[in-house]
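**Q** I would like the atomic coordinates for the input below:
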Amino acid sequence: MTTAGISESAGPASSGFRTFVLIWLGQMVSMLGSGLTSFALGVWIYQRTGSATSFALLTFFVIVPAMLVLPLAGVLVDRWDRRRVMMASDSLAALGTLALALLVWSGRLETWHIYAVVVFNSAVSSLQMPAFSATVPLLVAKRHLGRTAGMMQLGAAVPTILAPLVAGALVAVIGLHGILIVDLVTFLFAVSMLFIVRLPNPPRGGVEDAAGAEQGPVSRDALYGWTYLRERPGLLALLFMFAGVNFCLGFLNALLTPMILSFASEKALGTVMALAGCGMLVGGVAMAVWGGPKRRMQGVFGFLLLAAVILSLSGLRENVTLIAAAAFAFLCCFPLINGCAAAILQTKIAPQVLGRAMAAQQLVAMSALPVAILLAGPLADHVFEPLLAPGGPLAGTVGRVIGVGPGRGIGLLFMVLGGLIVLAVAAGWANPRVRNLEDELPDAIGDEPPPVSPLGPAPQEPAPGSL
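**A** So this is what the prediction gives:
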């Protein structure tokens, strides 16, 4: 990979990895703070309104604004200084949190205030992950991208597990205003980590100049990530394979709780959820230590097939032990799957375009979830549950194997979802552009990144449109 236009500084070859670790640590702490706030705001809304719809809208306003802003976020990440983009993203989100804190202290907080701030923070935070993911290949040697991808999966898993536990204890002690202060401190920590590191920018010219993307209007530039992927059909097909998998995961997220509560207690549900989180944590640690298989596409296909089998098995019986073990193993697979996929994208996509390509990837992944969540309830209530109700159309056939009654239709749906994931993997394997992606598509980066000093702001070269 050419290093033209990248500011270099003296330092050992491992300095880029130390820089990655500092940013990763700051972002993980910030995500933990945001998770605390999200939990506390959800509790506040439900206690004030008693409305499940009002509570669910909080999740809606987290997902949808980010989806809408992602195409623009990819453009800004590729046009501007990525370190400053990440600092601006964290700083603006902190301002939104500060506004909530002031409203709490003044006693004027209303539900619509929370929705407005959540929309704002969702939009500005959408810059964070494309900027960070696009910078990693410029910091870390290509052979270590699997490990850094595992660390990023781990960085997302730890806040997911800890935030509800910590927030549940803290809300009773320090209240919502105290949680918001903690969140502000975590934003400050993340910005401080970014302030003391140096980050290279991608080389100017090359692929962007040839396409005229950087010089064009923002609207055309926003589409260039899709153009780049469309010209590489193996990458595009891989993303759509994951969109199909995410569609199935949306059903799982919406229906796991109703299935368990149809035959077990809230305590059993908590046990299953805790073990599922531990599975995600174990998978993230495994990917960070191991780095994934040398043939990463084989890792993607293999772990997806294993996850599909586990998902199907989870629907076989009304058994908490079986479901808990399946939840652990299922979520253990996904940091390995996502880590392998992220390393492939970071290796095969040119650094100048990686921000837009990662934004397109996130958009595809996120867009499948709300559709699945909207369909899950009606499909379970009006199709699958009646099929396995006592005396239902499948009670005498499938019901003899997996049982009949409440929750058994959802169990059948989980088995169908496992089969759909197998079909998605089979379609990907049948496509030679996907199956041979690592061999046919040349790497877009060299074996080693440029050396980067872990401390001190980077002396960046002026660039058009710099933030």
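**Q** Residue 308 contacts residue 425, correct?
**A** Yes - if you go by C-beta atoms under 8 Å, residue 308 and residue 425 touch, sitting 7.0 Å apart. All C-beta spots, glycine's among them, are computed from the backbone N, C-alpha and C.
**Q** the domain parsing of the chain - what is it?
**A** Split into domains by automatic domain parsing, the chain comes to 14-202, 217-443.
**Q** and the first one, how far from the chain's centre?
**A** In terms of C-alpha atoms, centre = their mean, to the nearest Å, the gap separating the centre of domain 14-202 from the centre of its chain is 12 Å.
**Q** Mind telling me what element residue 341 is part of?
**A** Element membership for residue 341 (DSSP states H and E) is helix 320-348.
**Q** Report the buried residues of that helix.
**A** Neighbour-count burial for helix 320-348, counted by 16 or more other C-beta atoms under 10 Å, picks out 320, 323-348.
**Q** just stretch 43-59 next, same as before
**A** Within stretch 43-59, the residues scored as buried using 16+ other C-beta under 10 Å are 43-45, 54-55, 57-58.
**Q** Could I get the average pLDDT for it?
**A** For stretch 43-59, the mean pLDDT works out to 79.
**Q** which other residues reach it?
**A** Stretch 43-59 has contacts (C-beta atoms under 8 Å, 6 or more residues apart in numbering) with 38, 41-42, 109, 111, 114-115, 118, 171, 176.
**Q** Going by distance to residue 391, which of these wins?
**A** Distances from residue 391 to those, taken as C-beta to C-beta, are shortest for residue 42 (39.4 Å).
**Q** Just say helix, strand or coil for that closest one.
**A** Per DSSP: H, G, I helix; E, B strand; the rest coil, the secondary structure class of residue 42 is helix.
**Q** Report the contact partners of it.
**A** 55, 58.
**Q** what about it, distance to residue 69?
**A** According to C-beta to C-beta, to the nearest Å, residue 42 stands 22 Å off from residue 69.
**Q** and what of residue 44?
**A** 25 Å.
**Q** got it, and residue 143?
**A** Distance from residue 143 to residue 69, counting by C-beta to C-beta: 34 Å.
**Q** So which of those two has more stuff around it?
**A** residue 69 (19 against 13; other C-beta atoms under 10 Å).
**Q** from memory that one sits against residue 120, does it?
**A** No - in this structure residue 69 lies outside contact range of residue 120 using C-beta under 8 Å: 10.5 Å.
**Q** Give me the nearest residue to residue 291, chain neighbours excluded.
**A** residue 146 (3.7 Å; C-beta to C-beta, 6 or more residues apart in numbering).
**Q** And for residue 334?
**A** Distances taken as C-beta to C-beta, 6+ apart place residue 283 nearest to residue 334, at 6.3 Å, with adjacent residues excluded.
**Q** which SSE is the one you found in?
**A** For residue 283, the element it lies in under DSSP H and E is helix 266-290.
**Q** Buried residues, that helix. List them.
**A** 268-269, 271-288.
**Q** In the stretch 251-400 of the chain, where is pLDDT below threshold?
**A** Within the stretch 251-400 of the chain, no range satisfies pLDDT under 70.
**Q** Restricting to C-alpha, output stretch 161-175 in PDB.
**A** Written as PDB, here are the backbone C-alpha positions of stretch 161-175 (Å, rounded to 0.1, in the frame of the first residue of the first chain):
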ATOM      1  CA  ILE A 161     -23.300  -7.300  29.500                       C
ATOM      2  CA  LEU A 162     -22.200  -4.900  32.100                       C
ATOM      3  CA  ALA A 163     -24.400  -1.900  31.400                       C
ATOM      4  CA  PRO A 164     -27.700  -3.400  32.600                       C
ATOM      5  CA  LEU A 165     -26.100  -4.900  35.700                       C
ATOM      6  CA  VAL A 166     -24.200  -1.700  36.700                       C
ATOM      7  CA  ALA A 167     -27.000   0.600  35.700                       C
ATOM      8  CA  GLY A 168     -29.600  -1.400  37.700                       C
ATOM      9  CA  ALA A 169     -27.500  -1.000  40.800                       C
ATOM     10  CA  LEU A 170     -26.500   2.600  40.200                       C
ATOM     11  CA  VAL A 171     -30.000   4.000  39.400                       C
ATOM     12  CA  ALA A 172     -31.200   3.300  42.900                       C
ATOM     13  CA  VAL A 173     -28.200   5.000  44.400                       C
ATOM     14  CA  ILE A 174     -27.300   8.000  42.300                       C
ATOM     15  CA  GLY A 175     -30.500   8.400  40.200                       C
END
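**Q** Now do it: everything it contacts.
**A** For stretch 161-175, using C-beta under 8 Å, 6+ apart, the contacting residues are 32, 35-36, 38-40, 43, 178-179, 181-182, 274, 277-278, 280-281.
**Q** quick one: which of those is nearest residue 250?
**A** Sorting the contacts of stretch 161-175 by how near they are to residue 250, with C-beta to C-beta, puts residue 280 at the top with 16.8 Å.
**Q** That closest one against residue 335, yeah?
**A** Yes - applying C-beta under 8 Å as the test, residue 280 and residue 335 come out as touching, 6.3 Å apart.
**Q** Which neighbours do these two have in common?
**A** 153, 157.
**Q** List the residues that contact the residue nearest to residue 273 when sequence neighbours are not counted.
**A** With C-beta to C-beta, 6+ apart as the criterion, residue 273 has its nearest non-adjacent residue at 7.7 Å, and that residue is residue 327. Contacts here follow C-beta under 8 Å, 6+ apart; on that basis residue 327 touches 256, 272-273, 275-276, 279, 314.
**Q** how near is residue 327 to residue 271?
**A** Applying C-beta to C-beta to residue 327 and residue 271 gives a distance of 10 Å.
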